[in-house]
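Asker: What would the 3D arrangement of this be:
(chains A and B)
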2 protein chains.
Amino acid sequence: MKVTKFGGSSVSNAEQIKKVLNIVNADPERKIVIVSAPGKRTSDDTKTTDLLIRLYEKVIEGLDYRPKQEEIIQRYADIVYALEMDDAMLTTFDHTLTQYIVNLKSKPSRLLDALLSCGEDFNAQLIAAYNNSQGIPTRYISPGEAGIVVSDLPQNAQILDQAYENLYQLRDYKEKLIIPGFFGISRQNFVVTFPRGGSDITGAIVARGVRANIYENFTDVSGIYRAHPGIVKQPQVIDEITYREMRELSYAGFGVFHDEALQPLHKDRIPVVIKNTNRPDDLGTFIRHDREINTNNVVSGISCDTGFTVINIKKYLMNRQVGFTRKVLGVLEDYDISFDHMPSGIDSISIIMRSKEIKNIEEQVLNDIRKHCDVDELGVEHDLAVLMVVGEGMHRIVGTASRITHALAEANINLKMMNQGASEISMMFGIDVNDAEKAVKATYEYCYNGKCLLT
Amino acid sequence: MKVTKFGGSSVSNAEQIKKVLNIVNADPERKIVIVSAPGKRTSDDTKTTDLLIRLYEKVIEGLDYRPKQEEIIQRYADIVYALEMDDAMLTTFDHTLTQYIVNLKSKPSRLLDALLSCGEDFNAQLIAAYNNSQGIPTRYISPGEAGIVVSDLPQNAQILDQAYENLYQLRDYKEKLIIPGFFGISRQNFVVTFPRGGSDITGAIVARGVRANIYENFTDVSGIYRAHPGIVKQPQVIDEITYREMRELSYAGFGVFHDEALQPLHKDRIPVVIKNTNRPDDLGTFIRHDREINTNNVVSGISCDTGFTVINIKKYLMNRQVGFTRKVLGVLEDYDISFDHMPSGIDSISIIMRSKEIKNIEEQVLNDIRKHCDVDELGVEHDLAVLMVVGEGMHRIVGTASRITHALAEANINLKMMNQGASEISMMFGIDVNDAEKAVKATYEYCYNGKCLLT
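Answerer: Predicted structure coming up:
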């Protein structure tokens, strides 16, 4: 059994929805389908989800929200009419929005979740009804009916273990099932949305719950590129990548598949394939627990993300002082700051974090470190970029570091920091933000365009 | 004013002591001299300090210790007779040893400190008396008289701030002063020895106390080599190095000057020069707070130390879990383990420590980490060697990492770990212990024998 998820651009209009259903109906294994809210139809279009946020804002600010509500219904009307469906459904959608607004006006964060969920929910209902009308037995299943129970914190749903047991029952249905992504239902019976990568997470949860053989994730690209196509011209598509590699790459800016969505799949080692709704025959990128390493595919991908801040601490005889680093990390913990890397010398450490983690509290954090940790020098550097070169087995092949650092030196890029752990599948280089694109290009040339053969 | 210290081999016999006094008397700035206990005269000789330890053991075990005591007195007698001095001094020395043994027999750790101090103390008295007899006004000053007050933990003296004020008074003496190294006097009036690098520490403390212009440290080599002469043939002598570089190199195995002795000098930025008693005209190696960096001296030295253990931890989504690393370090702190490096990925960390830190308690430590930290994978690797390439400004020069990693790749050495912090003056490479010598050789060739010009 396959669980198949379609992203917003794949279900943005009637034509796309027909493509989606052709894909779904072409394979009897595609039994469970997760759909997103209608995305952009053209580059200057607005996502349905963003329209819903504006509707919410109008309501909360006490403004006239009816035109916005009508605009949202019109998005679905465009699809319904283009698919020549009965438009009674639109009245139901409109009524649902009105009911949420009336009932939840006094609980803004609950209202936001409820309205947000409509983007996916209406689309799932519509797509299920249309496929049924085409003679394919198809059923809409709400997250409540599916048993997707989540924690009760608005906009921050965390799946509860019970959900996986509930979801297993979906295997019993004979029809194709269409489930809206992005939200679950809490034990308190509220709609709660997932924090990030919404529909991807629903798909992963359902795939694990029904013990799917594979989780298919359809987007508008034919897989995951080895580097950002905005930086490298026509980069290669990765054929196969591991969960761990995927996570390192998403961490450093690869946006195709959210790494949070990998978490449910990890345990049962369910593979993912990233495919293109518009070119369904393209092989796409497989994300698996393991992959075979050979000398041609040592480096899976290269990415560079910006927006990092580094705290630099110097302390004479730091390594002799048992507990020093722990004290520093204790301060970060007090402010709930998570950090990503911590390259160190014997008398110094650099703590690298996303700038947003420390924004607005930087002064307090530094003062607390000064107060509690008796440092010799304390400094902060902003505008750091982090280049990640990711590949399983990379650290076992002599010369990998040499070739990558050579590529960077040739491009005249200064390495402020380097970090590679023992069991690591990536090398991290801290560089100036202005060198970010140049670094990706240089490394890519070395790794994939024959300038370095890792043999 | 200069403070000048002579190591054990420089004061091991009459001939060496004459060399030392020639050096001292040749420069009126050399006002304060710190001396060690007589060291080995030939390669199969025994250091006086080791004789004193054996004397202590005999006493404690209730054995006949007189022959050992006589052997020690004989060491000084050899010097006294060769210098044609009055031998009354020897009776005093013998009496001092006897008094210590009688008075402190019931307090073994106090006895050990007292006996150990005699090695330096007798030598200082002897050298002062001899120089005086040669017509140079010279005075022996005991650590008590000098005001070297220390904490009261046997074999682990820590200097007290009061000492620096006391020592400043030494500037008032007109004579040359000879002070024994290696020990101080506690407020409880016990002799207490320094834990490591004994006489070097006394010299540094005195240099700071009297605000010397320079601290001269005479040994039996003409400075600090850029790499271990046992590994690289006739390595270059470093002309100038910073405190921080020196500390990184001592950390990784450079034994000439103990890094603990740098600590007192740090604050007042007193430079050190390492010179050769047997070749006093050689320039030696200057250790300073700052040095000028040019493209020819970017890398100060290369060292590789063995005997490291690394704990490897994997934990999915580690970087998201605020406090995870702190918890791991908390376990190490419980066992009083200090670690040296901690390269990390986003889902893993490697904690590198001296193997002796975790010896015998490895199982407990791992169990505690498992219990408290909910890790996915936990492993230990022994027999790790740490290659340190040290140089101020290294991280500012594009291509340094590239050249070093290239050298290592050419030598077919696999880099298990890499670590370079933002403000760091060293690069750390974790390698297999069997690659240690090969790594130093290869890096040295690249850095100093023209195979790589850092331009």
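Asker: Would you indicate which residues of the longest helix belonging to chain A are buried?
Answerer: The longest helix of chain A (DSSP state H) is helix A:108-133. Going by neighbour count (16 or more other Cβ atoms under 10 Å in any protein chain shown), the buried part of helix A:108-133 is A:110-132. Backbone N, C-alpha and C define where each C-beta goes, glycine included.
Asker: after that helix comes which helix or strand?
Answerer: strand A:138-140 (DSSP states H and E).
Asker: And the contacts of the host helix or strand of A:Ile73?
Answerer: Element membership for A:Ile73 (DSSP H and E) is helix A:66-82. Identification of contacts with helix A:66-82 by Cβ atoms under 8 Å, 6 or more residues apart in numbering or on different chains yields A:13-15, A:17, A:38, A:48, A:51-52, A:54-55, A:58, A:86-87, A:89-90, A:93-94, A:97-98, A:118, A:122-123, A:126.
Asker: Report the mean confidence score over that helix.
Answerer: Averaged over helix A:66-82, pLDDT sits at 97.
Asker: Quick check: next helix or strand after that helix?
Answerer: Assigned by DSSP H and E, the successor of helix A:66-82 is helix A:88-104.
Asker: And the pLDDT at the most centrally placed residue in chain A?
Answerer: Chain A has A:His258 as the residue nearest its centroid, 1.8 Å off, counting by Cα atoms, centre = their mean. We note a pLDDT of 78 for A:His258 in this prediction.
Asker: how many other residues sit next to A:Val298?
Answerer: 19 (other Cβ atoms under 10 Å in any protein chain shown).
Asker: Dump the helix holding A:Ile73 to CSV, restricted to CA.
Answerer: Taking Å, rounded to 0.1, in the frame of the first residue of the first chain, the C-alpha atoms of helix A:66-82 are listed here in CSV:
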residue,chain,number,x,y,z
ARG,A,66,-17.4,39.0,4.0
PRO,A,67,-15.5,40.0,0.8
LYS,A,68,-12.5,37.9,1.9
GLN,A,69,-14.8,35.0,2.8
GLU,A,70,-16.3,35.3,-0.7
GLU,A,71,-12.9,35.4,-2.3
ILE,A,72,-12.0,32.1,-0.6
ILE,A,73,-15.3,30.4,-1.7
GLN,A,74,-14.6,31.7,-5.2
ARG,A,75,-11.3,29.8,-5.3
TYR,A,76,-13.2,26.6,-4.8
ALA,A,77,-16.0,27.7,-7.1
ASP,A,78,-13.5,28.1,-9.9
ILE,A,79,-12.5,24.5,-9.4
VAL,A,80,-16.0,23.2,-9.0
TYR,A,81,-17.3,24.9,-12.1
ALA,A,82,-14.3,23.9,-14.2
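Asker: Quickly note the distance from A:Ser186 to chain B.
Answerer: 22 Å (Cβ to the nearest Cβ, to the nearest Å).
Asker: Give me the pLDDT for that residue.
Answerer: 97.
Asker: For it, name its beta-bridge partners.
Answerer: Note on A:Ser186: beta-bridge partners by DSSP bridges are A:Val150.
Asker: The residue nearest to A:Gln158 when sequence neighbours are not counted and A:Arg110, how far apart?
Answerer: If the residues on either side of it in the chain are set aside, A:Gln158 comes closest to A:Ser151, at 4.4 Å by Cβ to Cβ, 6 or more residues apart in numbering or on different chains. Applying Cβ to Cβ, to the nearest Å, the value for A:Ser151 to A:Arg110 is 14 Å.
Asker: With A:Lys47 instead?
Answerer: Distance from A:Lys47 to A:Arg110, by Cβ to Cβ: 22 Å.
Asker: I'd like to know which of the contacts of helix A:66-82 are buried.
Answerer: A:13-14, A:17, A:38, A:48, A:51-52, A:55, A:58, A:89-90, A:93-94, A:97, A:118, A:122-123, A:126.
Asker: quick one, the helix holding A:Ile73 and helix A:108-133 angle?
Answerer: Angle, helix A:66-82 to helix A:108-133, by axes from the mean of the first three to the mean of the last three Cα atoms, to 10 degrees: 20 degrees.
Asker: Buried residues of helix A:66-82, list them for me.
Answerer: For helix A:66-82, the neighbour count (16+ other Cβ under 10 Å) marks A:Lys68, A:Gln69, A:Ile72, A:Ile73, A:Arg75, A:Tyr76, A:Ala77, A:Ile79, A:Val80 as buried.
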